[in-house]
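Participant: 3D model of this:
(4 chains)
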Number of protein chains: 2
Amino acid sequence: MTVTSQTSLDLLRIARQHLAARGYHGTSLAGVAAELGLTKQALLHHFKSKDLLYHAVMGQLKQQLLDLLFEAMEATEQAELQLEGFFVSLCHCAVQDPTVAALLIRVLLEESEPAAIEGALPLQEVLEPLVALVQATAGWQQAGFAAALGLATELLGAVCLLPASQAGLSRRFGPAPIDEGLNQAVAHTGDLVRTRLLR
Amino acid sequence: MTVTSQTSLDLLRIARQHLAARGYHGTSLAGVAAELGLTKQALLHHFKSKDLLYHAVMGQLKQQLLDLLFEAMEATEQAELQLEGFFVSLCHCAVQDPTVAALLIRVLLEESEPAAIEGALPLQEVLEPLVALVQATAGWQQAGFAAALGLATELLGAVCLLPASQAGLSRRFGPAPIDEGLNQAVAHTGDLVRTRLLR
DNA sequence: TTAGTTGCTTACCAGATGGTAAGTCGAGCG
DNA sequence: CGCTCGACTTACCATCTGGTAAGCAACTAA
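Facilitator: Numbering: from 1, shown residues only, chains lettered A, B, ... in the order given. The predicted structure is shown next:
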């Protein structure tokens, strides 16, 4: 589903924020629509059901992540540097827009919530090449699929949890240390990836 | 709230599974009770409201994590080794019972969902000593609170995301690689913590 | 025997949720 | 002018939600 109208894009933006902050079950169509001064039925006019809205948000996120991944893969030829570039971009991206990190983590936690549309699970097209890229590095090509998946998940968790928890942690410790921590995270993500790629 | 009766403990166990798998909003009292062949009102008889049930689960998790933390702190005197011990125990624990990891991550993602009862936010009593412990290490005592919080979050994400996503990832890639990955994760968590503690 | 307590049930309710149906309003167009 | 079409609304509905009230059976204690 490709969306063009301005209202649809606005709805998609708000829906994304709600889904990231409160999850699928915590997000109500009326709540999303109300933020733009619209009724729930206006939303259903653009996206035929809650599930389709959810998958539209996930499709947007998938494209965003694939862009980061392919961009990183075009910048260099060495798999290690490609991975480093991807995670650094991801961290940078997640700091600017925490919904990226929150949605990514939430999708992984979700066990069977919204019906898997079109067969494939959300973000599957991101996870697969990412794991493949880990397996393409010198240190991990002998280690097997399971180890590569483990490392990919570990790095995603390490990079995404802080930005995803930004709002919650700010309530716990105040906004200042979180901002500072996020900036530092961007700066040392490269180190993190590099040291974990060595065996 | 301390729970003693067998039914209460059973309800708490199921509620924990549901909360970990589907989150606060995705968990219904009727669904939890039905899994024990009871009605929703039986659950409300033991836990007076959904919020109190939620906080009972969180209290249980808090105690579990504090036990791991204090146990690790008593085993040695060096902060670095204490942290390593804690995260290794946590990983071990999370592999055996994925709800630990899933609830931990979900609590961090939650922005304002269930009313913060008794003033304090859930797991605050775990996060604070954990960050303090990071600040007590040689490499991080000069780095400031924000950096320590960042590292703690990074390690929690790295260690917990894979176990927390166990069920979801099994649907994506089949159960075999996940089991294998979890076992490997337990084995190399010590390495992970050790390398990240160096500066 | 009776009173109280525990652990549950059925009955019920108000509010929110996702979704359907039908209609309004304005812009574009033959 | 009349027509369609997109964007949106009001009206409505079945279902599910958390929560209250009252009652019932079993056990315990005075």
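Participant: now do the buried residues in the helix or strand where A:Leu61 lies.
Facilitator: Element membership for A:Leu61, per DSSP states H and E: helix A:50-75. The neighbour-count check on helix A:50-75 (16 or more other CB atoms under 10 Å in any protein chain shown) flags A:50, A:53-62, A:64-65, A:68-69, A:72-73 as buried. Quick note: C-beta positions are derived from backbone N, CA and C, even for glycine.
Participant: now do the helix or strand following that helix against helix A:50-75, angle only.
Facilitator: Downstream of helix A:50-75, the first helix or strand assigned by DSSP H and E is helix A:79-96. With axes from the mean of the first three to the mean of the last three CA atoms, to 10 degrees as the basis, helix A:79-96 and helix A:50-75 are set at 130 degrees to each other.
Participant: packing partners of helix A:79-96?
Facilitator: With contacts defined as 3 or more CB pairs under 8 Å, 6 or more residues apart in numbering or on different chains; DSSP states H and E, helix A:79-96 has these neighbours: helix A:50-75, helix A:98-109, helix A:124-135, helix A:144-164, helix A:175-197.
Participant: got a list of contacts for that helix?
Facilitator: Applying CB atoms under 8 Å, 6 or more residues apart in numbering or on different chains, the external contacts of helix A:79-96 come out as A:64-65, A:68-69, A:71-73, A:75-76, A:100-101, A:130, A:133-134, A:136-139, A:155, A:159-160, A:163-164, A:182-183, A:185-186, A:189-190, A:192-194, A:197.
Participant: tell me the confidence at the most centrally placed residue in chain A?
Facilitator: Here the mean C-alpha position of chain A is nearest to the C-alpha of A:Leu104 (CA atoms, centre = their mean), at a distance of 3.3 Å. At A:Leu104, the pLDDT value in this model is 98.
Participant: likewise for A:Met1?
Facilitator: 51.
Participant: one more: A:Ala116?
Facilitator: Value for A:Ala116, per-residue pLDDT: 66.
Participant: one more: A:Ile178?
Facilitator: A:Ile178 is given a pLDDT of 98.
Participant: from DNA strand D, how far out is it?
Facilitator: 31 Å (CB to the nearest atom of the strand, to the nearest Å).
Participant: burial of that residue, as a residue count?
Facilitator: 24 (other CB atoms under 10 Å in any protein chain shown).
Participant: wouldn't it be in contact with A:Arg171 here?
Facilitator: No. Counting by CB atoms under 8 Å, A:Ile178 does not reach A:Arg171; the two are 9.7 Å apart.
Participant: the helix holding A:Leu61 versus helix A:124-135: what angle between them?
Facilitator: 30 degrees.
Participant: what's the average pLDDT for helix A:50-75?
Facilitator: Rounded mean pLDDT across helix A:50-75 is 97.
Participant: on that earlier part again, for the helices and strands packed on helix A:79-96, give me CSV that also has distance to B:Cys91.
Facilitator: Shown next, in CSV, are these (distance: least, CB to CB, whole Å):
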stretch, distance to B:Cys91
helix A:50-75, 26
helix A:98-109, 17
helix A:124-135, 19
helix A:144-164, 10
helix A:175-197, 15
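Participant: out of the ones you listed, which comes closest to B:Thr7?
Facilitator: When these are compared by CB to CB, helix A:98-109 sits nearest B:Thr7, at 28.4 Å.
Participant: that closest one and chain B in contact?
Facilitator: Yes. Using CB under 8 Å from any CB of the partner chain, helix A:98-109 reaches chain B at A:102, A:105-109.
Participant: what does stretch A:120-130 give?
Facilitator: Yes. Stretch A:120-130 comes into contact with chain B (CB under 8 Å from any CB), by way of A:121, A:124, A:127.
Participant: mean confidence for that stretch?
Facilitator: Averaging pLDDT along stretch A:120-130 yields 95.
Participant: A:Gln6 - how many residues pack around it?
Facilitator: Considering only other CB under 10 Å, A:Gln6 is surrounded by 8 other residues.
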